[in-house]
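> give me coordinates for this.
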Amino acid sequence: FLTWFHRHRSSSYWILTPKMRVSAALVLYSSLIEHCDAFANVGQLPARTYPVRGLCAAEINTPCKLRAAAVDFGAPPAIVERELRGIKSAATKFGMIAFITSMCVALPASIGAVRLLELLRIIDSHRRERLSLKAASFCARWLMRLIPFAKIDVIAPERENGAALEEPAVWVCNHISMLDIFFMLAKDQELRGRNCRPLKIIYWKTLENNPVNKIFFKSCGFIPVEMSDNKDKANEYNMSSFKILLRMAKQAFEDGFDLGILPEGQLNPNPEKGLMPIFSGAYTLARMSRRPIRMMALHGTNHMWHADDAIGMDVSGRRVRMRRYPHGRNYGSADEFAETFKKVAGQFGATGKDLPERELEMWLDGSRWAEMEGEKVKNVPEGAVPL
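Below you'll find the predicted structure:
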C-alpha cells in the first residue's frame, strides 16, 4: 500500500501526516487479510489493541489476522507548504548531516589545539575563550561555504555605526532548531558586524551530556544555568544556579564579552504560532548589569531540523533568514521586554518578515508600549487604583 502510493504520488495521500498514513495502511491491510483463505486456520491468540495516537485502534486476533476498529481521522490536517520534495529534500538532508558531522570533527580538533596552548602556558584562560570562539566561528563559516546546504539571508541595519556594536549588551534571540547555534556562529560577523564584542551564550547545563557540546561550551567560557526538566511542565530556573550566573555574567562584561540568552528557555516546536512563554532572565541580567537588550531573530532553521522529534530531519525547506534589530535599549519592566520580544522576534520567527515599518519602530523605541500603558490608565474606572 505504502509503496504503491509512493510510486503514484497520490496528492490525497501526501497531505496526510505519517501517523494517518499508518492508520490508513492498517485499514486496507486488514481488508486484504480478511479475504485471504491462507490464514483461515491459524491458531487463535489473545486479542490485543494498539492505539495509534487516537487515530486508529488495531486489534490482532491471530499472528496474521488484523482487524481495524473504528477510525476517526478528525478534521483534515493543515497542508504544509513544502519548498523541497523528493531528491532535493534528500540532498539537502545529506548536506546538513555532512555539515554537522564535519563540525563534530572540526570543533574538538580546533578547540583542542587552543587548549594545548593554554596547557603550555602560552595563553591564559581569557585568551583561550576568545580563540576558541573564533575557531568555532571559523569552522562553521567555512564548512557552511564548502557544504552550502542552506540558502541564508542576513538582514542587518546598515545605518548603525560600529561604535554602537562595541557597547556591552545582552543579546536575545528566538530558538527554533538545534541548528540555530551553527548558523549564529557562521554568520556572526555579517549579523552583528566585524567590530562586535565576542558573545558568551547562556545555556541549559543538561546540554553538557553531549560530549561535543561540553567541550565547545567549556572551552568558549559559555555560562551554564540549571533548570528544571521541561518535559510536561514549564521551565524554572534553579535559584542557586541563577546567582552563580549573575556573578559570571558580570565577569564576562568586564572581560569584554557580550551575553547571549534565549528567553524562551527551550526549543519552540511551533514557531509559526508565535513564541513560547518568555522568561525574565534576560531582563534581570540587563537591569542588574545596566546594559541594553538587543534583539536578533531566526526563521527557517526548523524546516531542516524540527524541534519535534516526530518530524526531526524531514527537510521541507532550505531557506534561512537571520535578522538583527537596531536600537538596543533598557526596558522599564519584564512585561515590557517580554511583550516587545514577542511582537518583534515572534513575528519574524513565524513569517520570516518584520512588522510594518512604523509599527516595528514604535515597538523598538518603546512608544508602542507607552501607548498601551496609557490606554490602560484611561480605562481604569474613576476612583479605582490601577494595578
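
> going forward, measure contacts between C-alpha atoms and count neighbours the same way
OK.

> all strands of the chain, in order?
In the chain, the segments counted as strands under DSSP state E are 48-51, 56-60, 66-71, 151-155, 170-172, 199-204, 223-225, 258-261, 293-299, 319-324.

> residue 327: neighbour count?
Counted by other CA atoms under 10 Å, the residues lying close to residue 327 total 15.

> does it touch residue 365 like I think?
Yes. Using CA atoms under 8 Å, residue 327 makes contact with residue 365 at a distance of 7.2 Å.

> can you list the neighbours in contact with stretch 126-146?
99, 102-103, 106-107, 110-111, 114-115, 118, 182-183, 185-188, 198, 216, 219-221, 255 (CA atoms under 8 Å, 6 or more residues apart in numbering).

> okay, now residue 263: neighbour count?
22.

> I'd say it and residue 278 touch.
Yes. Contact criterion CA under 8 Å: residue 263 and residue 278 qualify, at 5.4 Å.

> beta partners of the closest residue to residue 345 other than its chain neighbours?
The shortest distance from residue 345 to any non-neighbouring residue, by CA to CA, 6 or more residues apart in numbering, is to residue 297 (5.2 Å). Residue 297 forms beta bridges with residue 323, as assigned by DSSP bridges.

> neighbours of residue 297, how many?
24.

> tell me the buried residues in stretch 137-154?
Judged by neighbour count using 16 or more other CA atoms under 10 Å, the buried positions of stretch 137-154 are 137-141, 143-144, 149-150, 152.

> list just the nearest of the residues you listed to residue 93.
Minimum separation from residue 93 among those (CA to CA) is found for residue 149, which lies at 7.8 Å.

> roughly how far does that closest one sit from residue 276?
According to CA to CA, to the nearest Å, residue 149 and residue 276 sit 28 Å apart.

> can you check residue 345 too?
Residue 345 is 11 Å from residue 276, by CA to CA.

> quick one, which of those two is more surrounded?
residue 345 (27 against 20).

> verify the stated contact: the more buried one with residue 295.
Yes. Residue 345 lies in contact with residue 295 (CA under 8 Å); the separation is 7.4 Å.

> touching both of the two, which residues are there?
With CA under 8 Å, 6+ apart as the test, residue 345 and residue 295 both reach residue 173.

> just the CA atoms of stretch 279-286, as CSV, please.
Extracted in CSV, the C-alpha atoms of stretch 279-286 (Å, rounded to 0.1, in the frame of the first residue of the first chain):
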residue,chain,number,x,y,z
PHE,A,279,11.4,34.1,30.9
SER,A,280,12.6,37.3,32.6
GLY,A,281,16.2,36.2,32.9
ALA,A,282,17.4,38.5,30.1
TYR,A,283,15.7,41.5,31.6
THR,A,284,17.1,40.7,35.0
LEU,A,285,20.6,40.4,33.7
ALA,A,286,20.3,43.6,31.7
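
> could you pull out the buried residues of it?
Quick answer for stretch 279-286 (16+ other CA under 10 Å): 279, 281-283, 285-286.

> stretch 302-321 too?
Within stretch 302-321, the residues scored as buried using 16+ other CA under 10 Å are 302-307, 311, 313-321.

> what's the most distant pair in those residues?
The largest distance within these, taken as CA to CA, falls between 311 and 321 and amounts to 20.8 Å.

> any idea which residue sits dead centre in the protein?
Compute the mean C-alpha point of the chain, and by CA atoms, centre = their mean the closest residue is residue 176, 2.0 Å away.

> quick one: residue 107 and residue 100, what's the gap?
From residue 107 to residue 100 the distance is 10 Å (CA to CA).

> which one of these two is surrounded by more residues?
residue 107 (21 against 16).

> other SSEs contacting the longest helix along the chain?
Determined from DSSP state H, the single longest helix within the chain is helix 86-119. With contacts defined as 3 or more CA pairs under 8 Å, 6 or more residues apart in numbering; DSSP states H and E, helix 86-119 has these neighbours: helix 125-146, helix 211-220.

> got the buried residues for that helix?
For helix 86-119, by 16+ other CA under 10 Å, it's 89-90, 92-93, 95-96, 99-100, 103, 106-108, 110-112, 114-115, 117-118.

> that helix: how far from the chain's middle?
19 Å (CA atoms, centre = their mean, to the nearest Å).

> model confidence over it, on average?
Taken as a whole, helix 86-119 carries a mean pLDDT of 94.

> tell me what angle it forms with helix 125-146.
Interaxial angle of helix 86-119 relative to helix 125-146 (axes from the mean of the first three to the mean of the last three CA atoms, to 10 degrees): 160 degrees.

> what's the angle between helix 86-119 and helix 211-220?
Orientation note: helix 86-119 sits at an angle of 40 degrees relative to helix 211-220 (the same axes, to 10 degrees).
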